[in-house]
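Asker: this is the structure alone, sequence omitted:
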């Protein structure tokens, strides 16, 4: 959002920089993550994955530079405001460094990845269902159209009542902020073994078992309630960040599995009772946070983000294994990600999202979706025909054909050259044709009507071409520009 606002301000100062809008948004997506978490590398990778259909190599250096500046500013402001004694990671952990994890625990981390992937599929299914429900239910349609404030107030009041510390919130550590929640879940202490020892006082454990219930029950209740509460919160007509709640939810999944492994091992099952004292449930929480958030967003960068947030490079391999397996399960069957579901619900002209909703959609031939109106010039066009085309068309590249009868495409002429041609004819008062004055440029990329929408979209997005001409056996059929591609995708989205 900030990137879009900054681009609009720059456009007021420099009107000629309108073409930089997409580049500004690509860089802004990376800066947003880097500035919020102080993780520049993960921010750039997250921007590459989320904006993959728009990201080109020329955006790589600006993204890294902007992300580094944003992360540095975030850390310096945190230090100057007194939040930290020195520049440090956002979430400090105390994982053991001598033996971070046993080799056999890799299997448990792999299972954690599959578990997070399965839970993410359930979450994404519920998310898509609630989005469809809000678009089809007449009562919700009316409220979200005319009574947004009333709907938002009702949902917020309902969620706040549930999370109130003296109601159901006492079983969900609701007194904690989001940062405190994640910090407590990343604690390396074993809660399940120390919760029975009254002499041991652990601050994270006290809040999670403040009602006297077992820690595993509180974690399970937290996961059960937060699942549908997050889905309900997604219907709010407000700009909000859902990455951090999903990140914490994954940490709770990992923490629950870690505590279960500690409990089972202390009973002499699994890894053995002699290893139980060295198990680290916080490592499972960190891997679960990366795996679940990566599965929901269909990205791998949360694995690096988890490492940058905590500085725990010792758990890099388990985190990556969990994230890869969670992504593999979540992406199976062309399931839309969290962001894809939002784009599909709003019917945005975003081809990667539409492709997941309808896999056959991108393979629609270009010839079936081309517009009917096409302004063109013949090689022997005079000033009157050129003037008519300039007045009726706003394209920067006008196709030139041999004649209107043959429709054989020769190339294109720039709009600026046509304006110079008209001025030349007015000053010289000569009856000249287009071919005598203007340079007819050859087309570097030529599409066939049988090329797919996906191929045309890739050329426009990655190569950066402004106009693509479509010809069938040399005869001009039409042209595709970025606005035309947007119209095509909007028309295709209506059928979903």
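Answerer: Happy to help now that I have it. All values reported here derive from a predicted model rather than from experimental measurement. Residues are numbered from 1 along each chain as shown.

Asker: make sure residue 408 is actually in contact with residue 477.
Answerer: No. In terms of C-beta atoms under 8 Å, residue 408 does not count as a neighbour of residue 477; the distance is 11.9 Å. The way it works is simple: take the backbone N, C-alpha and C, and place the C-beta from them, glycine included.

Asker: can you give me the helices for the stretch 51-200 of the chain?
Answerer: 60-80, 105-136, 138-146, 148-162, 178-185, 191-194 (DSSP state H, counting those that start in this stretch).

Asker: tell me the mean pLDDT for the shortest one?
Answerer: When pLDDT is averaged over helix 191-194, the result is 66.

Asker: could you do the second one as well?
Answerer: The average pLDDT for helix 105-136 rounds to 91.

Asker: which elements pack onto it?
Answerer: In terms of contacts (3 or more C-beta pairs under 8 Å, 6 or more residues apart in numbering; DSSP states H and E), helix 105-136 is packed against helix 138-146, helix 215-233, helix 243-266, helix 281-297, helix 316-331, helix 338-345.

Asker: any idea how the chain splits into domains?
Answerer: 2-87, 105-346, 364-493 (automatic domain parsing).

Asker: need the winner for burial among those.
Answerer: domain 105-346 (a mean of 19; mean count of other C-beta atoms under 10 Å).

Asker: show me where pLDDT drops low in the stretch 51-200 of the chain?
Answerer: 51-60, 81-90, 192-200 (pLDDT under 70).

Asker: 80 instead?
Answerer: The stretch 51-200 of the chain contains residues with pLDDT under 80 at 51-102, 167-171, 173-174, 188-200.

Asker: apart from its neighbours in sequence, what residue is nearest residue 237?
Answerer: The shortest distance from residue 237 to any non-neighbouring residue, by C-beta to C-beta, 6 or more residues apart in numbering, is to residue 148 (4.7 Å).

Asker: quick one on the thing from earlier: make a markdown table out of the helices of the stretch 51-200 of the chain and add distance to residue 243.
Answerer: Formatted as a markdown table, the helices of the stretch 51-200 of the chain follow (distance: least, C-beta to C-beta, whole Å):
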| stretch | distance to residue 243 |
| --- | --- |
| helix 60-80 | 16 |
| helix 105-136 | 13 |
| helix 138-146 | 23 |
| helix 148-162 | 18 |
| helix 178-185 | 11 |
| helix 191-194 | 26 |
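
Asker: re earlier: of the domains of the chain, which approaches residue 358 most closely?
Answerer: domain 364-493 (8.1 Å; C-beta to C-beta).

Asker: just put the domains of the chain in a markdown table and tack on distance to residue 97.
Answerer: As requested, those are exported to a markdown table (distance: least, C-beta to C-beta, whole Å):
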| stretch | distance to residue 97 |
| --- | --- |
| domain 2-87 | 20 |
| domain 105-346 | 6 |
| domain 364-493 | 44 |
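
Asker: which one of the ones you listed lies nearest to residue 94?
Answerer: Once those are compared by C-beta to C-beta, domain 105-346 is nearest, at 5.4 Å.

Asker: first to last residue in that closest one, what's the distance?
Answerer: 43 Å (C-alpha to C-alpha, to the nearest Å).

Asker: helix, strand or coil for residue 410?
Answerer: Secondary structure of residue 410, reduced to three states by DSSP: H, G, I helix; E, B strand; the rest coil: strand.

Asker: was I right about it contacting residue 378?
Answerer: No. With contact defined as C-beta under 8 Å, residue 410 does not reach residue 378; the gap is 9.1 Å.

Asker: the domains of the chain: which one's closest to residue 356?
Answerer: Using C-beta to C-beta, the domains of the chain put domain 105-346 closest to residue 356, at 4.3 Å.

Asker: return the distance of that closest one from the chain's centre.
Answerer: Mean-position distance between domain 105-346 and its chain equals 19 Å (C-alpha atoms, centre = their mean, to the nearest Å).

Asker: picking up where we left off before, got any residues that touch both of residue 410 and residue 378?
Answerer: 400, 401, 402 (C-beta atoms under 8 Å, 6 or more residues apart in numbering).

Asker: residue contacts, the second one?
Answerer: Taking C-beta under 8 Å, 6+ apart as the definition of contact, the neighbours of residue 401 are 376, 377, 378, 379, 407, 408, 409, 410, 476.

Asker: switch the cut-off to 7 Å
Answerer: Listed by C-beta atoms under 7 Å, 6 or more residues apart in numbering, the contact partners of residue 401 are 376, 378, 407, 408, 409, 410, 476.

Asker: how about the fourth one, nearest residue that isn't a chain neighbour?
Answerer: What that stands for is residue 408. Residue 408 sits nearest to residue 402 (C-beta to C-beta, 6+ apart), 4.2 Å away.

Asker: any chance of the helices and strands packed on helix 105-136 in CSV, with distance to residue 370 too?
Answerer: Formatted as CSV, the helices and strands packed on helix 105-136 follow (distance: least, C-beta to C-beta, whole Å):
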stretch, distance to residue 370
helix 138-146, 34
helix 215-233, 40
helix 243-266, 39
helix 281-297, 35
helix 316-331, 32
helix 338-345, 24
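
Asker: how about these, which one is nearest residue 392?
Answerer: Nearest of the helices and strands packed on helix 105-136 (C-beta to C-beta): helix 338-345, 33.7 Å.
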